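J.: Sequence first, then the predicted structure, then my questions.
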Amino acid sequence: MKTKAWIEAMRLRTLPVSVAGVIAAVGFNITDGTFRAVPAAICLIFAVLCQIASNFANEYFDYRAGRDKAGREGPRRGVTEGDISPRSMLRATFAVLCLAAFAGLTLTYWGGAWLIFVGIAVALGALAYSAGPYPLSTHCLGEAGVLVFFGLVPVNFTYYVQALHWSAPVFLASVSIGLMGANVLIVNNYRDREDDTVVGKHTLATTLPSGSMPLLYIADSLVAVLLMAPSWLKLGAAWRTVPVLYLIVSCLIVLAMNRREGHRLTPLLGMTSVAMSVYALTFTIAACLN
């Protein structure tokens, strides 16, 4: 039971969010002829570890603050349900952060010692989502946090440690991936809005009219596709259907959001994260074949 609880705490269905940013950046590195396999792989490890640490921290700090309750609509929370002790979860959070820090330190070999400050900011961001005097998740800033730490940071810095320079198309792609990642949180918070309202947790889903969340989801998807449209156009006509297919999937997910409530929304969360990772992976495959 404890093994299952720890796996659930990792929230595997959302991990493609952290993977997508690194993969998208690699696509640009391949296009520019600056791809380096080792730092790219380390960026991927760093991103996944940071997301797992953030998920663990969310379980612990939401439990401590009373923002979780037993029998909630979302996936079972190990600490709240008594499957994992709070002390074990706190230790696991910092253990995974330490592993991420070690991986991040190795990137200074390629990108320079100043990346240490970026790593510190990412570590603080992983905790700030749920902890600290102003948790992002309880002040309607969760989606903004995802945009920064799952879009801007991984895409731009994965590209940088390989190319050692910045790129305007990569920056636009980082916003695009960040918006797609924010959609995962939109579905998550839309599902949990009733539970969050009861415990006083302020998210966009509890603050805005309920019908606005599906609209925000489709708006994010449309803007994300438009931002990367110039990059897709350079890859040839055969690949231009991919953004269209992504929008079709997004529309289907939004239609399902309007028809479902509670735990029935959970599969849409996984579908959203998989859709963005497939989008990023296809972009990189196209870059390899172009």
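T.: Looks like it arrived, so ask away.

J.: what about the helices in the stretch 151-290 of the chain?
T.: With DSSP state H, counting those that start in this stretch, the ranges of helices along the stretch 151-290 of the chain come out as 153-163, 168-191, 193-199, 204-207, 212-233, 241-259, 266-289.

J.: ok, of those, where does mean pLDDT dip lowest?
T.: Of all the helices of the stretch 151-290 of the chain, mean pLDDT reaches its minimum on helix 193-199 (a mean of 91).

J.: What are the buried residues along that helix?
T.: Across helix 193-199, burial judged by 16 or more other Cβ atoms under 10 Å covers 193, 195-196, 199. Just so you know, the C-beta spots here come from the backbone N, C-alpha and C atoms, and that holds for glycine as well.

J.: can I get the residues you listed in TSV with distance to S174?
T.: Formatted as TSV, the buried residues of helix 193-199 follow (distance: Cβ to Cβ, whole Å):
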residue	distance to S174
R193	28
D195	32
D196	28
V199	33
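
J.: Relative to I248, which of those residues is nearest.
T.: Of all the buried residues of helix 193-199, R193 has the smallest distance to I248: 26.2 Å, by Cβ to Cβ.

J.: Quick one: residues contacting the closest one.
T.: Contacts for R193 (Cβ atoms under 8 Å, 6 or more residues apart in numbering) come out as 203, 205-206, 210.

J.: How about the contacts made by the nearest residue to A163 once chain neighbours are set aside?
T.: Ranked by Cβ to Cβ, 6 or more residues apart in numbering and with sequence neighbours excluded, the top spatial neighbour of A163 is T34, at 3.8 Å. Residues in contact with T34 (Cβ under 8 Å, 6+ apart) are 159, 162-164.

J.: where does T34 fall, helix, sheet strand or coil?
T.: coil (DSSP: H, G, I helix; E, B strand; the rest coil).

J.: Distance of L99 relative to A131?
T.: Distance, L99 to A131, using Cβ to Cβ, to the nearest Å: 19 Å.

J.: Just want to know which of the two has more residues nearby.
T.: Between L99 and A131, A131 has the larger neighbour count (other Cβ atoms under 10 Å), namely 20 against 16.

J.: which SSE is the closest residue to that one other than its chain neighbours in?
T.: Excluding the flanking residues, the one nearest A131 by Cβ to Cβ, 6+ apart is F61, at 4.5 Å. According to DSSP states H and E, F61 maps onto helix 37-64.

J.: Same list (the contacts of T34) but as JSON lines, adding neighbour count.
T.: What follows is the contacts of T34, written out as JSON lines (neighbours: other Cβ atoms under 10 Å):
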{"residue": "Y159", "neighbour count": "31"}
{"residue": "Q162", "neighbour count": "24"}
{"residue": "A163", "neighbour count": "19"}
{"residue": "L164", "neighbour count": "12"}
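
J.: Of the residues you listed, which is the nearest to F283?
T.: Taking Cβ to Cβ as the measure, F283 sits nearest to Y159 out of the contacts of T34, at 12.9 Å.

J.: Can you name the residues that contact that closest one?
T.: Listed by Cβ under 8 Å, 6+ apart, the contact set of Y159 reads 25, 28-29, 34, 166-167, 170.

J.: measure the residue nearest to A163 to I253 for me?
T.: According to Cβ to Cβ, T34 and I253 sit 34 Å apart.

J.: just L247 next, same as before
T.: The gap separating L247 from I253 is 11 Å, by Cβ to Cβ.

J.: who's more crowded, these two?
T.: Counted by other Cβ under 10 Å, L247 and I253 do not tie: I253 has more neighbours, with 23 against 15.

J.: Look up the closest residue to the more buried one, ignoring the ones flanking it.
T.: Once flanking residues are discounted, I253 sits nearest to L268: 5.3 Å by Cβ to Cβ, 6+ apart.

J.: Over to T108?
T.: Leaving aside its chain neighbours, T108 sits nearest to L115 (5.2 Å; criterion: Cβ to Cβ, 6+ apart).

J.: wait, doesn't that neighbour sit right on T106?
T.: No - between L115 and T106 there is no contact under Cβ atoms under 8 Å: 10.0 Å.

J.: Between these two, point out the one with more neighbours.
T.: Taking other Cβ under 10 Å, L115 and T106 do not tie; L115 has more neighbours (18 against 13).

J.: ok, back up a step: show me which of the contacts of Y159 are buried.
T.: Among these, those classed as buried by neighbour count (16+ other Cβ under 10 Å) are 25, 28-29, 34, 167, 170.
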